[in-house]
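Asks: I need the structure of the sequence given here:
(2 chains)
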Number of protein chains: 2
Amino acid sequence: MSIEPVLTRIDNNLDASLERLFELIRIKSISADPAYKDDCRQAAVWCAEQLTEIGISASVRKTVGHPMVVGHYDGAGPDAPHILFYGHYDVQPVDPLELWEADPFDPRVTDVDGEKRIIARGACDDKGQLMTFVEAARAWVSETGGLPVNVTILFEGEEESSSPSMIPFLNQSGEELKKDVAFVCDTSMWDRRTPAITTMLRGMLSEEMVIRAASHDLHSGMYGNAARNPIHLLAKIIADMRDETGRITLPGFYDGVPDLSPEQKAQWDTLGFDEKAFFDSIGLSIPAGEQGYPVLQQIWSRPTMEVNGIVGGYTGAGAKTVIPAQASAKFTFRLVGDQDPEAIRAAFRAFVNERLPADCSAEFIDHGGERAVTQPGDSHWVQTAKAALSAEWNKDAVLIAIGGSIPIVTQFKKHLGMDSVLVGFGLDDDRIHSPNEKYNLTSFHGGIRSWARILGALAG
Amino acid sequence: MSIEPVLTRIDNNLDASLERLFELIRIKSISADPAYKDDCRQAAVWCAEQLTEIGISASVRKTVGHPMVVGHYDGAGPDAPHILFYGHYDVQPVDPLELWEADPFDPRVTDVDGEKRIIARGACDDKGQLMTFVEAARAWVSETGGLPVNVTILFEGEEESSSPSMIPFLNQSGEELKKDVAFVCDTSMWDRRTPAITTMLRGMLSEEMVIRAASHDLHSGMYGNAARNPIHLLAKIIADMRDETGRITLPGFYDGVPDLSPEQKAQWDTLGFDEKAFFDSIGLSIPAGEQGYPVLQQIWSRPTMEVNGIVGGYTGAGAKTVIPAQASAKFTFRLVGDQDPEAIRAAFRAFVNERLPADCSAEFIDHGGERAVTQPGDSHWVQTAKAALSAEWNKDAVLIAIGGSIPIVTQFKKHLGMDSVLVGFGLDDDRIHSPNEKYNLTSFHGGIRSWARILGALAG
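Replies: Numbers count the residues shown, from 1 in each chain, chains lettered A, B, ... in the order given. Presented below is the predicted three-dimensional model:
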């Protein structure tokens, strides 16, 4: 059947779709703050009701944290594909509130430089994105009486607070959730006109370290020079971890890091990534990573180590003449290809311990680790979605990477053996996690139309 | 006249002396923290009242910071010597508060291994020390109706926060304060049984630095590798400042550092400094300073650089994937001989700036700087005090150095042309500037008796 009547229905009902998104946004489902526990539950209930209304029979599932929403539609019959769609209904905290131009939970469409923007917390991440799929399904059901493929829904309420309930939930409900493939809507387009599928995600190893020297804080006049200063040890270790060319010096760190294929390089070259604009937007101008790699590779396909926090000694106003008893730092390693987080954790700990004098010690705190994820760009699922996106946006969809992690993708692979296709309609300037988060109306509208096309295309 | 009745009076009134010290300790005069401004003023008023009560007519003098207390006694007549006595009523901050075994401002005497210890912030530094002189003067006045020499008092309230008001005050009130010699009570004994006069002090240069990179905090997944991390820059700079042998690498840093004379070396050798005990007391065992120098020289006669505090990025619980926009550290350099603080400050700033990429910047905050001080050990004043101390402790007083700075000694010399004699009763394990600071009751009691003897001896 033709997709056109479904698309026309979407166009004609955009205001109603928008009003439903606004209803969801008005629920203050901030997962990180226990004060919003009831709001999170309310958002889950709202989602389940919406799904059930369009024939995706849904329920709210308890966890030790915020609930999951799971829904099923199998009206397409046993021979049709069965996909899992994932999104999250929780949002980031809104502080600093004073930087918002309006109430973050009172959504509105504002005209900025000729662009219509939905401004609110969650407008993009991930309520706006999640609703593009729900509204596409609604249009299909309203127009044709059903969906063209079987669909299972998983909406999470803890994505913005490290998903503590997800692994237990997957272990418990895996059979119910394992489908042919997962579609995840939590990523961005390449630019305002170019749709994208994200096929590479860096993994992450997170490790905290406390270096201990003297048994108590010392007066730096009385002990300075003779007594070991743990800040100096920490600084030396951090400095030693990177060589003059920006390479990480941990033994074995680059084991499993693949060379980028000539095809991948060529495809990324066609993207026309603007290094100057990238640096301008963050007030910098000089690439800091490994020499010899373009910036896009530094952030997408090369591993790195970043110190995310450091503290030791006196950090208040003025000066204090102290040699602290301890100093600590938080590290994250971004991983690619087959880099093994646990092997790197062991190498890191050995690297540190080798550099400590015998009268000092280090305590290590494991904050988790996940391998990188690469999705095969030539799979049936990716190619089908790519063609549908290209048709909708009238421009070839591109396959891109992101430097960050999306843990759910790793977890679907690890716990359910299921690949994910990452399609999303965010833009780089959406200010997710920041004040005045927005989602362009073209993202919302084009997103709904895109999913309608993808659903149709998956039916074959 | 005999000193014995004065000493007996001191012994008989020790409890009352202790209660007065406790009154002073209970006033939370933390000079570095503006929240305690009123407490500092209250401590100054309390001191002035105590002095006036014993005939040393005192007043609280305004400064732009915390006030000075100045008192005068000239009842010994124009032919008697006139000394200046200096101490400070302000104390260090108490953090980390959780490491204190009791409220730092609720002083108590505790029995530890048969020793009676006064435990509180300021028990030693410098409230306990300052009160040894006040109580000695009180005993003289109570017993004999007056003091045997003329005395001017200067109590400062900003010693623990770099004394910003001292130089303007000395410039303004120098004539009133310039006396035959200054006695400063802010130092230690050689050991529990051996009194000491300190004749060498390291100088200090204090500098804070903030390194700025991106215009705002960045997501370390999206930007990690390509965007400069200011924590890495800071770590590299700190690491670069010391070579493998423990020497500081700042160009020109060792200009003006003298070799220790053979005589000085020989005198220090007779002290029988116990390196193992020194390290045991702080839970360490390996000298961290310049190779080839004994520990006593590392802390007394060799210069150093110490980072006293460092902070950047996320330092709360758990992990946060951030590349911070800035990171900062506080440095102190300990100086000896003729090292010039301002030349070293300039070398430090140049050293940092040379190591910054063009898109990053450093802000420097000057927290002061003073040259090292060496006092002639054979002066009348030193020899008189040495004899009195030897009599009180029944053991020859020794001439020693300390690795810390007492900037007031430099300032008295520079601004008033006045030498200082440094007599104090602290012990190495007093934990000044640390949690659970203490002052042995023998220090307090023996200190009061010592000053009573010194006052008598100065009268000739």
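Asks: Looking at the stretch 1-150 of chain A, which residue is nearest chain B?
Replies: At 10.8 Å from chain B, A:Ala32 is the closest residue in the stretch 1-150 of chain A, using C-beta to the nearest C-beta. (C-beta placed from N, C-alpha, C; glycine too.)
Asks: per-residue pLDDT, that residue?
Replies: A:Ala32 is assigned a pLDDT of 91 by the prediction.
Asks: Can I take it that it is in a strand?
Replies: No - A:Ala32 sits outside any strand when classified using DSSP: H, G, I helix; E, B strand; the rest coil, being coil.
Asks: okay, now the residue of the stretch 151-300 of chain A found nearest chain B: neighbour count?
Replies: Closest residue of the stretch 151-300 of chain A to chain B, C-beta to the nearest C-beta: A:Gly221 (2.4 Å). Around A:Gly221 there are 23 other residues, counting by other C-beta atoms under 10 Å in any protein chain shown.
Asks: Count the residues that sit near the residue of the stretch 1-150 of chain A closest to chain B.
Replies: Around A:Ala32 sit 13 other residues, with neighbours defined as other C-beta under 10 Å.
Asks: list the contacts for it?
Replies: A:Ala32 is in contact with A:Gln92, A:Pro93, A:Glu160, A:Ser161, counting by C-beta atoms under 8 Å, 6 or more residues apart in numbering or on different chains.
Asks: Top of those by number of neighbours, please.
Replies: When neighbours are counted as other C-beta under 10 Å, the busiest of the contacts of A:Ala32 turns out to be A:Glu160, with 21 neighbours.
Asks: hang on, that residue in a helix?
Replies: Yes - under three-state DSSP, A:Glu160 sits within a helix.
Asks: mind listing the strands in the stretch 301-450 of chain A by residue range?
Replies: A:304-313, A:322-323, A:326-335, A:361-370, A:373-374, A:398-402, A:420-423, A:438-440 (DSSP state E, counting those that start in this stretch).
Asks: Need the contact partners of stretch A:433-445.
Replies: Residues outside stretch A:433-445 that contact it (C-beta under 8 Å, 6+ apart): A:10-11, A:14, A:17-18, A:21, A:92, A:94, A:96-97, A:99-101, A:104, A:109, A:115-125, A:128-129, A:131-132, A:189, A:192, A:425-427, A:429-431, B:219.
Asks: among the residues you listed, which ones are buried?
Replies: In these, burial by neighbour count holds for A:10, A:17-18, A:21, A:92, A:94, A:100, A:104, A:109, A:117-125, A:128-129, A:131-132, A:189, A:425-427, A:430, B:219, counting by 16 or more other C-beta atoms under 10 Å in any protein chain shown.
Asks: List the ones among those that fall in helices.
Replies: Where those overlap with helices, as defined by DSSP state H, the overlap consists of A:Ile10, A:Ser17, A:Leu18, A:Leu21, A:Gly128, A:Gln129, A:Met131, A:Thr132.
Asks: give the contact list for the second one.
Replies: In this structure, A:Ser17 makes contact with A:Ile10, A:Met131, A:Glu135, A:Arg138, A:Phe444, A:Ile448, judged by C-beta under 8 Å, 6+ apart.
Asks: 10 Å - rerun?
Replies: A:Ile10, A:Met131, A:Thr132, A:Val134, A:Glu135, A:Ala136, A:Arg138, A:Ala139, A:Phe444, A:His445, A:Ile448 (C-beta atoms under 10 Å, 6 or more residues apart in numbering or on different chains).
Asks: Same question for the third one.
Replies: The contact partners of A:Leu18, by C-beta under 10 Å, 6+ apart, come to A:Pro107, A:Val109, A:Ile118, A:Gly128, A:Met131, A:Glu135, A:Leu441, A:Phe444, A:His445.
Asks: So A:Ala16 sits against A:Ile448, correct?
Replies: No - contact criterion C-beta atoms under 10 Å: A:Ala16 and A:Ile448 do not qualify, at 11.4 Å.
Asks: Look at those two and report which has more neighbours.
Replies: A:Ile448 (28 against 11).
Asks: Please, where are all the helices along the stretch 151-300 of chain A?
Replies: Assigned by DSSP state H, counting those that start in this stretch, the helices in the stretch 151-300 of chain A fall at A:166-177, A:220-223, A:230-240, A:262-269, A:275-280, A:295-300.
Asks: Show me the contact partners of stretch A:263-281.
Replies: Contacts of stretch A:263-281 with the rest of the structure, by C-beta under 10 Å, 6+ apart, involve A:190-191, A:194, A:196, A:199-200, A:258-261, A:284-287, A:294-297, A:299-301, A:377, A:396, A:398-401, A:428-429, B:214-216, B:223, B:226-228, B:359.
Asks: Buried among those residues? Need that as a selection in ChimeraX.
Replies: If you want just the buried ones from the contacts of stretch A:263-281 in ChimeraX, going by 16+ other C-beta under 10 Å, the selection is:
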select /A:190,194,196,199,200,260,284,287,294,295,296,297,299,300,301,398,399,400,401 /B:214,223,226,227,228,359
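Asks: hang on, the earlier thing: rank the helices of the stretch 151-300 of chain A by pLDDT, which is bottom?
Replies: Among these, helix A:262-269 carries the lowest mean pLDDT, a mean of 89.
Asks: what comes up buried for that one?
Replies: The neighbour-count criterion (16+ other C-beta under 10 Å) identifies A:Gln264, A:Trp268 as the buried residues of helix A:262-269.
Asks: any idea of the angle that helix forms with strand A:398-402?
Replies: Counting by axes from the mean of the first three to the mean of the last three C-alpha atoms, to 10 degrees, helix A:262-269 lies at 90 degrees to strand A:398-402.
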